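Q: build the 3D model from these lines:
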Amino acid sequence: MATVKVKIRPTAIPGMAGTVYYQIVHRRQVRQIATDIHLSVGEWDEGRERLVAEPGGESVRQYKVWGEVVLLKQIVRELEQLGEAYTADDVVARFSAKAEAARVLRFMREQIGRLEKADRFGTAKNYEKVLNSFSGFLGGVDLPFSALTERLVGGLQCLLAPAGNGAQFRVVLYAGIAGCLQQGGVSAFGGAGLSLPGGVHWN
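A: Predicted coordinates for the structure are as follows:
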């Protein structure tokens with residue numbers, strides 16, 4: 001079975017540790033997937049091969065890494081279940097295709113556009129509010145759906161919900177996500193988790 005590891009490519013730039021990348025190894029074939037995550041010295045835990053947690057909790061960049069690693073491991077499981085020979089290149093190719101399709105902000109924008117074309121402007125406006133809240137909280141980083149955990153959504157709720165309205169905001173947030181998913185013709189909140197674009201399953 002192919003293995004997936006988070007690595008960092010060192011840099012000679014003073015004060016910088018390097019750039020995060022994912023290493024896929026299968027049958028002695030080694031491939032790398034680059035990211036746009038650049039870390040300064042002290043932000044990378046070499047022993048644990050992960051980003052150092054920030055004082056207030058995990059960073060958005062860490063959630064992005066977790067989500068993309070989950071997607072990579074899911075792809076490996078899918079290839080293994082096929083029972084056919086595959087290569088590290090096959091893993092990279094599937095990741096490239098799925099990673100872009102399964103981005104939260106991108107998907108929500110697409111659904112808002114479809115609603116507007118269908119003259120459903122009220123619903124589109126509500127979803128846009130959820131989108132803007134997400135985008136602001138994430139600093140514009142478009143996470144994969146596989147990174148959308150209860151912990152992340154809880155952090156969003158705490159930071160953005162008006163005092164005393166946290167529970168209501170959480171309902172609106174989930175409703176916005178579920179509504180976008182349903183508009184996209186996928187199964188929302190079914191079974192043990194949530195079926196998302198790109199074949200990702202949110203547990």
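Q: residues of whatever helix or strand residue 114 lives in that come out buried?
A: Element membership for residue 114, per DSSP states H and E: helix 104-117. Going by neighbour count (16 or more other C-beta atoms under 10 Å), the buried part of helix 104-117 is 104, 105, 107, 108, 109, 111, 112, 115. All C-beta spots, glycine's among them, are computed from the backbone N, C-alpha and C.
Q: look up the residues forming beta bridges with the residue most central in space within the chain.
A: With the centre of the chain defined as its mean C-alpha position, the nearest residue by C-alpha atoms, centre = their mean is residue 144, 2.3 Å away. Beta-bridge partners for residue 144, by DSSP bridges, are residue 103.
Q: now do it, the pLDDT please.
A: For residue 144, the pLDDT comes out at 76.
Q: what about the protein, any weak spots by pLDDT?
A: The chain contains residues with pLDDT under 70 at 55-58, 101-102, 149-151, 153-203.
Q: do a quick rundown of the strands in the chain.
A: For the chain, the strands defined by DSSP state E occupy 3-10, 16-26, 29-40, 44-45, 50-51, 194-195, 201-202.
Q: just the buried positions in the third one, please.
A: Judged by neighbour count using 16+ other C-beta under 10 Å, the buried positions of strand 29-40 are 31, 33, 35, 37, 38, 39.
Q: output the longest helix along the chain in PDB with nothing but the alpha carbons.
A: Counting residues, the longest helix found in the chain (DSSP state H) is helix 60-82. Written as PDB, here are the backbone C-alpha positions of helix 60-82 (Å, rounded to 0.1, in the frame of the first residue of the first chain):
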ATOM      1  CA  VAL A  60      -6.100  27.100   9.100                       C
ATOM      2  CA  ARG A  61      -2.900  25.900   7.300                       C
ATOM      3  CA  GLN A  62      -2.900  22.800   9.600                       C
ATOM      4  CA  TYR A  63      -6.500  22.100   8.700                       C
ATOM      5  CA  LYS A  64      -5.600  22.400   5.100                       C
ATOM      6  CA  VAL A  65      -2.700  19.900   5.500                       C
ATOM      7  CA  TRP A  66      -4.900  17.500   7.400                       C
ATOM      8  CA  GLY A  67      -7.700  17.700   4.900                       C
ATOM      9  CA  GLU A  68      -5.400  17.100   1.900                       C
ATOM     10  CA  VAL A  69      -3.700  14.200   3.600                       C
ATOM     11  CA  VAL A  70      -7.100  12.600   4.400                       C
ATOM     12  CA  LEU A  71      -8.000  13.000   0.700                       C
ATOM     13  CA  LEU A  72      -4.700  11.400  -0.400                       C
ATOM     14  CA  LYS A  73      -5.200   8.400   2.000                       C
ATOM     15  CA  GLN A  74      -8.700   8.000   0.800                       C
ATOM     16  CA  ILE A  75      -7.400   7.800  -2.800                       C
ATOM     17  CA  VAL A  76      -4.900   5.200  -1.800                       C
ATOM     18  CA  ARG A  77      -7.700   3.100  -0.200                       C
ATOM     19  CA  GLU A  78      -9.900   3.400  -3.400                       C
ATOM     20  CA  LEU A  79      -7.000   2.200  -5.500                       C
ATOM     21  CA  GLU A  80      -6.300  -0.700  -3.200                       C
ATOM     22  CA  GLN A  81      -9.900  -1.700  -3.200                       C
ATOM     23  CA  LEU A  82      -9.900  -1.900  -7.000                       C
END
